[in-house]
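Enquirer: Give me the fold of what follows.
(chains A and B)
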Amino acid sequence: MTEHPDRPGGSRTRESTEYERVQATPQFAELRNRFRKFVFPWTIFFLVWYFLYVLLAAFAPGFMSIKLFGNINLGFLLGGLQFVSTFGITMLYVRWASREFDPRADVIRDEMERAGV
Amino acid sequence: MSRLVPAAETVGNPALNIGIFALFVVITLTVVIKVAAGKKSAAQYYTGGAAFSGRQNGIAIAGDYLSAASFLGIAGAIALQGYDGFLYSIGFLVAWLVALLLTAELMRNTGRYTMADVLSFRLRQRPVRIAAATSTLAVSFFYLLAQMAGAGGLVSLLLGVTSQTAQYLVIAVVGAVMIGYVMIGGMKGTTWVQIIKAVLLITATAIITVWVLGKYGFNLSSLFQAAVDTTGKGGEKLLDPGLKYGINTTTKIDFISLSMALVLGTAGLPHVLIRFYTVPTAKQARKSVEWAIWLIGGFYLLTLVVGFGAAAMVGPARIKAAAGGANSAAPLLAYELGGSAFLGIVSGIAFATILAVVAGLTITSSATFAHDLYKEVFKRGNVTPEQEVRVARLAALGIGVVAIFGGILAYGQNIAFLVALAFAVAASANLPTILYSLFWRGFTTRGACWSIYGGLISSLGLIVFSPVMSGKVDAAGKSLSMITNPNIDFHWFPLENPGIISIPLAFFLGWLGSVTSKDEVDDAKWAEMEVRSLTGAGANVEVVNH
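Expert: Coordinates of the predicted model:
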């Protein structure tokens, strides 16, 4: 990108056609499908689980106040589980990305860089 | 929490507090000057040459994100409102999954310096850049206000400064140091300030946590019991949800609105987005977020103990009576634990926190001003890098001055709460357009403008007509609003946080604007964006190590 070093959106015509060609390849379609199949369901999962927790705190305080161990009630347990699920999804994603996503993305990018993009 | 509260209690030794803070400033300024040596290209100024590692950037993100609102605000909210304060931290953390899964890597691959780079990538440059720049500046301004308000509160508590002139002077000093970081150090210097501050803040909070837990036999349940006992009448409510938000249906809906803003706001915060450009690749951006999630999550678990520790050992009566109100819970706890010396250390770190976050906000705003508005919009790209950097530095100066005056005006407001408003604006004005840009082929310029301006105007407008601005009074008739005269009341929107209306509205407007637009979708640009965002091809155009 020597012509327009400061324009991320700026591009040469040849580059764009190359991008369109790559976009239409089955390899890229597979990469995109795998990406969406991983991130969309997990996004829905954590949002539903977070808002379930929020709604319970707002509309079922009695339920959340049930004491479990000493002063630790269900609300604190579920709040703690929000931390656990956030850490868990992070680890899952990072592992998935390095095993499933990166190798496929690297192949496509290397091929494009060899083609001079 | 109004500025009418007299500075009732000054704790610790002001000279010591100032000394520790001054030490931090000297050390960080030395680092900034050292790393900033040499001439600056635009890339150097905005991104530090994209030469930071994922781990360094992750720590810096934690430094940027764990603002005074996280440390002072959440600790205070937990101390006074117990469980409901804890809910803030959960939203602030879970929000990072949006960045991790949906935006961080894709934004890294498609942008260069600012959020507007990505949003205007395949749409018409000028209108989208102007819209994105406007919302960037608005969100950053709200966030700045919150941080500067925190600085003002700390000042009166810690430095024994009670006269108004002297408080303003201290805010001005904070502002001046911050301007120095940004103007001298650019992104590289600012990042190092954030890294140093993150390490100090997390370490200090960990020490407080272990100290507090040690006093209660490392038993969380006993700590909770002590907090309940110290609070006295009604104290057992601290442990259950609802103390702040469970009063009636309006407050419950307000709470849902707040939760939406928190969880959807983070990924739309411009000063968080810009951090992804400081690393060379999407993989390093992923690593940054991974580090950030561990550090931020760990920190919020610690603040739970800090908050309940303050409730148990200081007690709500003293916290409320202190200058700075809820925001002074953590410093008062430090005083209770380790006396003047420890208070000095903790307050020095709290100052450092504010300074670092304000510097991050300032560099974001100055980048937006110089790169998006001055270069791309006013000059249509015809500027030299030297001119651009000079404008960015001047913008940093101007923004710093605005921050100083804003801080004086916002003094006394709860900072966690002000930050929540910034999140609401970010979630409404920025996130819908970011997601549509990255994932929806049919998104158009009109959709982007409708969504950004619609989200911005609706969220800001609803805040203006909410109880935050006017008409909220406590049982004694004292005003709790920004306009402290209880006779001025023009609020009609019942909620304090606009997210529940403005976020869905902005998503809807983005869709509506696009489907009604006559613009042809630029398929070549869409292909470039999609392929680039997922593979990183063409994104690593400049990895400079000067």
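
Enquirer: Please list all residues in contact with B:Gln81.
Expert: The contact partners of B:Gln81, taken as Cβ atoms under 8 Å, 6 or more residues apart in numbering or on different chains, are B:Leu238, B:Leu243, B:Lys244. Yep, even glycine has a C-beta here, placed from its N, CA and C like the rest.

Enquirer: Compare those residues and tell me which is most surrounded.
Expert: B:Leu238 (26 neighbours; other Cβ atoms under 10 Å in any protein chain shown).

Enquirer: I'd like the mean pLDDT over stretch B:263-270, please.
Expert: Averaged across stretch B:263-270, the pLDDT comes to 94.

Enquirer: That one vs chain A: in contact?
Expert: Yes: for stretch B:263-270 and chain A, the contact criterion (Cβ under 8 Å from any Cβ of the partner chain) is met by B:Val263.

Enquirer: Not counting that stretch itself, show me its contacts.
Expert: A:47, A:50, B:65, B:91-92, B:94-96, B:98-99, B:102-104, B:114-115, B:136, B:139-140, B:143, B:272-273, B:364, B:368, B:422-427, B:429-431, B:434, B:499, B:503.

Enquirer: 7 Å instead, please
Expert: A:50, B:91, B:94-96, B:98-99, B:102-103, B:115, B:136, B:139-140, B:272, B:364, B:368, B:423-424, B:426-427, B:430-431, B:434, B:503 (Cβ atoms under 7 Å, 6 or more residues apart in numbering or on different chains).

Enquirer: pLDDT-wise, which helix or strand of the chain ranks last?
Expert: By default, I'm working from chain A. The weakest-scoring helix or strand in chain A, judged by mean pLDDT, DSSP states H and E, is helix A:13-23 (a mean of 73).

Enquirer: wait, chain B
Expert: Least confident helix or strand, chain B: helix B:68 with a mean of 74, by mean pLDDT, DSSP H and E.

Enquirer: Just after it, pick out the following helix or strand.
Expert: helix B:74-81 (DSSP states H and E).

Enquirer: list the helices and strands the helix or strand following that following helix packs on?
Expert: Using DSSP H and E, the helix or strand that follows helix B:74-81 in sequence is helix B:83-94. Judged by 3 or more Cβ pairs under 7 Å, 6 or more residues apart in numbering or on different chains; DSSP states H and E, helix B:83-94 is in contact with helix A:26-59, helix A:74-96, helix B:74-81, helix B:249-265, helix B:282-313.

Enquirer: could you dump the contacts of B:Gln81 to TSV with pLDDT and distance to B:Gly348?
Expert: As requested, the contacts of B:Gln81 are arranged in TSV below (pLDDT from 0 to 100; distance: Cβ to Cβ, whole Å):
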residue	pLDDT	distance to B:Gly348
B:Leu238	85	30
B:Leu243	79	32
B:Lys244	78	30
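
Enquirer: what's the nearest residue to B:Ala424 if we skip its chain neighbours?
Expert: B:Ala261 (3.8 Å; Cβ to Cβ, 6 or more residues apart in numbering or on different chains).

Enquirer: any low-confidence regions in the chain?
Expert: Using chain A here. A:1-17, A:117 (pLDDT under 70).

Enquirer: ah, no, chain B please
Expert: For chain B, the ranges with pLDDT under 70 are B:1-12, B:38-39, B:155-162, B:411-417, B:540-546.

Enquirer: what about the residue of it found nearest chain A, how many neighbours?
Expert: Proximity to chain A, evaluated over chain B using Cβ to the nearest Cβ, is greatest for B:Ser221 at 3.1 Å. B:Ser221 has 17 neighbours, counted by other Cβ under 10 Å.

Enquirer: same check, this time on B:Phe86
Expert: With other Cβ under 10 Å as criterion, B:Phe86 counts 25.

Enquirer: tell me which parts of the stretch 301-450 of chain B are close to chain A?
Expert: Listed as neighbours of chain A in the stretch 301-450 of chain B under the rule Cβ under 7 Å from any Cβ of the partner chain: B:Leu301, B:Gly381.

Enquirer: Tell me which residue lies farthest from the centre of chain A.
Expert: Ranking residues of chain A by C-alpha distance from their mean position (Cα atoms, centre = their mean) puts A:Gly70 at the top, at 37.7 Å.

Enquirer: Let me see the contact set for the spatially closest residue to that one that is not a sequence neighbour.
Expert: In space, not counting the residues next to it along the chain, A:Gly70 is nearest to B:Ser221; the distance is 3.1 Å by Cβ to Cβ, 6+ apart. Taking Cβ under 7 Å, 6+ apart, we find B:Ser221 in contact with A:Phe69, A:Gly70, A:Asn71, A:Ile72.

Enquirer: give me that answer again for 6 Å
Expert: A:Gly70, A:Asn71, A:Ile72 (Cβ atoms under 6 Å, 6 or more residues apart in numbering or on different chains).
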